[in-house]
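Asks: Need coordinates for the below:
(one chain, ligands or ions: 1)
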Amino acid sequence: MLKLENMTAGYGKTRIVDDVDLEIPAGEVVALLGRNGMGKTTLLRSMFGLCDVFAGRLTMDGTPLPLERPERLAQHGLSFMPDHRGVFPSLSIEENLRLAQRRSYTPPVDVFALFPLLRDRSRQLAGVLSGGQKQQLGLARAMLAGERLIVVDEFSQGLQPSLAKAALEALRRIADTGVSVLLVEQGPQLPLAYADRIIGMVKGRVVFDEEVPRLRVNPEPLTNLLVVG
Ligand SMILES: Nc1ncnc2c1ncn2[C@@H]1O[C@H](COP(=O)(O)OP(=O)(O)OP(=O)(O)O)[C@@H](O)[C@H]1O
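Replies: As a prediction, the model looks like this:
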C-alpha cells in the first residue's frame, strides 16, 4: 500500500499541490483526472522529489520513503514515467530496457509481445523514436522497474487507441499480482473501463475519490470535474 499524506508542493514559493492525501493499495489501478493545470503532474513529481515539497510524507507498506529522485526510489521498486517519457535518447532501446530491468523481478507481462517495436528496433537509439514510440519504451521501462509501484503521467499520450487499451490491460494484469498503479489520464474512458478508482483534482486539491463501479452508474462527479471544473 502506497500512502501519501499531507502533500503540499509546488515550484519556488508557489504552492500548486495543497494538502493531498492519497492511498493506493497493492493490486489497485488508480487514475488521477482533472483539467489542464490542476496540479496532477506536480502531485506525481512531488512523490519523486522532482519539485519543491513544503510538507508531506510517503510510505510504502508502512515504511517511510524519502521523497527522492526516480533513480533513488527505483531501488525500492517504485517506477515513474514522466510526461516527457524519461527515456535515455543517446542509448539504444535495448540499453534503455536493460537499465530499467530489476535483477530479481520479471513482470507478469511480456513487454515485447505488448510493444513488438521494442524488439524489432532494439538496436536503434531511443532518441530517434517518435513520441508514441517513446511512450511505448517509457511504459515498458516502467513495467520492468515497478515491482511495487508504477506511476505514469499522461498515460495514453501519443498511443493509438488499440495500443493504449492493450497497455492498460497489461497494467491491470500487473496490478493483479500486487503492484500499485497510479496513472494520470486526460479522458475518463480508459479509467472507467480498467481502473479500480478515479481521483479528481481541482486547483491542487483532491475533490473526489470514487470507486469506478459507482462512477459507471453515476458519472456526474466526472462530468463536473472535466467540463465545469
Ligand atoms: N516548473 C514549473 N515552474 C513553475 N510553475 C509550474 C511548473 N510546472 C508547472 N507549473 C504550474 O503548476 C500548475 C499545475 O501544473 P501541472 O502540470 O501540475 O498540472 P496538470 O494538472 O498536470 O496539467 P496538464 O494536464 O496541463 O499537464 C500550472 O499552473 C503550471 O503552470
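
Asks: can you pull the contacts of the residue positioned nearest the centre of the chain?
Replies: When C-alpha atoms, centre = their mean is applied to the chain, the residue found nearest the centroid is residue 152 (1.9 Å). Contact analysis of residue 152 by C-beta atoms under 8 Å, 6 or more residues apart in numbering lists 80-81, 139, 142, 171, 181-184. The C-beta positions use only the backbone N, C-alpha and C, and glycine is treated the same way.

Asks: Contacts for the worst-scoring helix or strand of the chain on mean pLDDT next, please.
Replies: Ranked by mean pLDDT, DSSP states H and E, the helix or strand of the chain with the weakest confidence is helix 70-73, at a mean of 77. Residues from elsewhere that reach helix 70-73, judged by C-beta under 8 Å, 6+ apart: 47-50, 65-66, 78-80, 82, 86.

Asks: Chain neighbours aside, what residue packs nearest to residue 185?
Replies: Of all residues not flanking residue 185 in the chain, residue 155 sits nearest, at 4.8 Å (C-beta to C-beta, 6 or more residues apart in numbering).

Asks: quick one: the one you found from residue 169, how far?
Replies: In this view, residue 155 and residue 169 are 12 Å apart by C-beta to C-beta, to the nearest Å.

Asks: Who has more neighbours out of the two?
Replies: residue 155 (23 against 15; other C-beta atoms under 10 Å).

Asks: From residue 122, how far off is the more buried one?
Replies: Applying C-beta to C-beta to residue 155 and residue 122 gives a distance of 24 Å.
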